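**Student:** have a look at this fold, sequence not included:
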């Protein structure tokens, strides 16, 4: 595997873990949900993150990989500023 794929996957994981926590907090805050709903939102987001990292590490072309890195970084930034 190429080195740039490792770097891109690490950047997505770093931003994605923050995104998982922010998503769980937003679900709890907006819906007043209990632990089950919040945990389900976390599992869904974590699964999407894992699939994205697997695709980044194996098959996606370079331009799409770096677009995903930018998208995750932008999403985390916007969610942090909005909270």
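**Tutor:** The structure has been received and is ready for your questions. Owing to the predicted nature of the structure, the values given are computational and were not obtained by experimental measurement.
**Student:** gap between the helix ranked longest in the chain and the chain center?
**Tutor:** Determined from DSSP state H, the single longest helix within the chain is helix 3-31. Per Cα atoms, centre = their mean, to the nearest Å, the displacement of helix 3-31 from the mean C-alpha position of its chain is 3 Å.
**Student:** just stretch 69-80 next, same as before
**Tutor:** On Cα atoms, centre = their mean, the centre of stretch 69-80 falls 9 Å from that of its chain.
**Student:** if we can go back for a sec, packing partners for the longest helix of the chain?
**Tutor:** Helices and strands touching helix 3-31, by 3 or more Cβ pairs under 8 Å, 6 or more residues apart in numbering; DSSP states H and E, are helix 35-58, helix 62-82. C-beta: built from backbone N, CA, C; applies to glycine.
**Student:** residue 42 contacts residue 19, doesn't it?
**Tutor:** No. Contact criterion Cβ atoms under 8 Å: residue 42 and residue 19 do not qualify, at 10.6 Å.
**Student:** neighbour count: those two, which is higher?
**Tutor:** residue 19 (21 against 16; other Cβ atoms under 10 Å).
**Student:** name all residues that make contact with the more buried one.
**Tutor:** Applying Cβ atoms under 8 Å, 6 or more residues apart in numbering to residue 19 gives the contacts 45, 49, 72, 75, 76, 79.
**Student:** now the buried members of those.
**Tutor:** Applying 16 or more other Cβ atoms under 10 Å to those, the neighbour count classes 45, 49, 72, 75, 76, 79 as buried.
**Student:** state the pair within the residues you listed that is farthest apart.
**Tutor:** The distance between the two most remote of these (Cβ to Cβ) is 14.2 Å, for 49 and 79.
**Student:** shaky segments in the chain?
**Tutor:** 1 (pLDDT under 70).
**Student:** spatially nearest residue to the residue nearest to the spatial centre of the chain (excluding sequence neighbours)?
**Tutor:** With distances taken as Cα atoms, centre = their mean, residue 16 lies nearest the centre of the chain, 2.8 Å away. Among residues not flanking residue 16 along the chain, residue 49 sits closest, at 4.0 Å (Cβ to Cβ, 6 or more residues apart in numbering).
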